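*Asks:* okay, predicted coordinates and the sequence, questions at the end:
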Amino acid sequence: MMRILTLTAGLAAFAAPSFAAEPMQFRSVKGNLPTVDRIFPGGSEADAINNNCLACHSASMVLTQPQLTRTEWQSEVDKMIHTYRAPVDPADVPAIVEYLASMEIGGGEMARQDPETTRLPSIYTFAETIGRLRAALESKGFTIFATIDHRAAAQSVGLEMPPTTVLVFGNPRGGTPLMVAAPDFALELPLRVLVREDGNGRAWVVYNSAATLEGKHDLPSGMAERLAPAGKVIAEAVTAPAAGP
Ligand code: HEC
């Protein structure tokens, strides 16, 4: 508990300077839309949000958030643009906010969809991405328990696959209270982050966002939030330009 609070506070202080304005680097992912059942419903009213908000996470990840006010949705969109450097067309922002503010979010059909994952394009190579994730997680108090190199395993039996590595990591101070509150939640821990390389040499980073673990295995509501710092460490490690010396 204490540890998580410290982490969150530390991150807030740490996040601001390292997101200094940089040109957007994600343009190329725009053609890489997820499959159709993962887009925002609503036909043409959803065009703006579908065109701008699906590069990194699914629609249902957004639609399972708690209902926010229009102002809060505006700052959420600003956060995507400024913190995570989402390549959003400024002309589409009003339509996106309008869509989010008028959607029935949080309790509707979408809220019952399967948990979804967050998928981020890394601005680093596959090897750099793994190195940066290890360093960032360790520096925030997480332990890397295992590194699963699926490709090496495949090669050991004469099979080929693209570079694909899963880091298994966690922090007993963060995870223990969740497992005490919901014993079966231990199945979700330690946390994992996947790094894989696509056919174009781009590294992708995939992980369960804290919001999608909400309520799993009867976890009391709100507790999954305690895992959110891990997602933020990951996102920053692979999307923020390397700090100077
Ligand atoms: C460049 C990648 C990227 C794009 C594009 C993007 N997001 Fe996000 N978004 C993220 C990351 C990273 C998180 C944090 C996920 C986590 O907590 O694991 C996030 C989280 C969220 C959340 C959950 C609440 C939160 O603040 O963590 C909402 C809601 C959201 N995004 C909405 C949007 C909307 C609306 C758009 C389109 C305007 C958008 N996103 C586009 C990267 C992106």
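*Replies:* Everything's here; your move.

*Asks:* ok, the residue of the chain positioned farthest from its centre to the ligand distance?
*Replies:* In the chain, counting by CA atoms, centre = their mean, Gly158 sits farthest out from the average C-alpha position, at 33.1 Å. Separation of Gly158 from the ligand (CB to the nearest ligand atom, to the nearest Å): 36 Å. Bear in mind the C-beta positions are built from the backbone N, C-alpha and C, glycine included.

*Asks:* next up, the contacts around the residue nearest the centre of the chain.
*Replies:* For the chain, the residue sitting closest to the mean C-alpha position, by CA atoms, centre = their mean, is Thr118 at 3.8 Å. Counting by CB atoms under 8 Å, 6 or more residues apart in numbering, Thr118 touches Cys56, His57, Met61, Val206, Tyr207, Asn208, Ser209, Gly231, Ala235.

*Asks:* and which of those is nearest to Thr83?
*Replies:* Distances from Thr83 to the contacts of Thr118, taken as CB to CB, are shortest for Ala235 (8.4 Å).

*Asks:* just checking the helix or strand in which the closest one is found against the ligand, any contact.
*Replies:* Here Ala235 sits within helix 228-239, counting by DSSP states H and E. Yes - on the criterion CB under 6 Å from any ligand atom, helix 228-239 is in touch with the ligand at Ala228, Gly231, Ala235.

*Asks:* just name the closest of these to Ala153, please.
*Replies:* Using CB to CB, Gly231 comes nearest to Ala153 of those, at 26.5 Å.

*Asks:* could you report the pLDDT at that closest one?
*Replies:* At Gly231, the model reports a pLDDT of 91.

*Asks:* how deep is it tucked in, by neighbour count?
*Replies:* Neighbours of Gly231 under the rule other CB atoms under 10 Å: 18.

*Asks:* test my guess that it contacts Ala210.
*Replies:* Yes - between Gly231 and Ala210 there is a contact at 5.7 Å, judged by CB atoms under 8 Å.

*Asks:* who's the residue nearest to the centre of the chain bridged to?
*Replies:* Assessed by DSSP bridges, Thr118 has beta-bridge partners His57, Tyr207.

*Asks:* quick one on the thing from earlier: derive a ChimeraX selection command for the buried subset of the contacts of Thr118.
*Replies:* In ChimeraX, a selection of the buried entries from the contacts of Thr118 looks like this (16 or more other CB atoms under 10 Å):
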select :56,57,61,207,208,209,231,235
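
*Asks:* from the contacts of Thr118, which two are the most distant?
*Replies:* Greatest spatial distance in the contacts of Thr118: Cys56 and Asn208, 13.9 Å, computed using CB to CB.

*Asks:* picking up where we left off before, show me what contacts the residue farthest from the centre of the chain?
*Replies:* When the contact criterion is CB under 8 Å, 6+ apart, Gly158 has no partners at all.

*Asks:* helices and strands of the chain: which one has the lowest mean pLDDT?
*Replies:* The weakest-scoring helix or strand in the chain, judged by mean pLDDT, DSSP states H and E, is helix 2-18 (a mean of 40).

*Asks:* next secondary structure element downstream of it?
*Replies:* helix 47-52.

*Asks:* so is that next one next to the ligand?
*Replies:* Yes - judged by CB under 6 Å from any ligand atom, helix 47-52 and the ligand are in contact via Asn52.

*Asks:* all good on my end, thank you.
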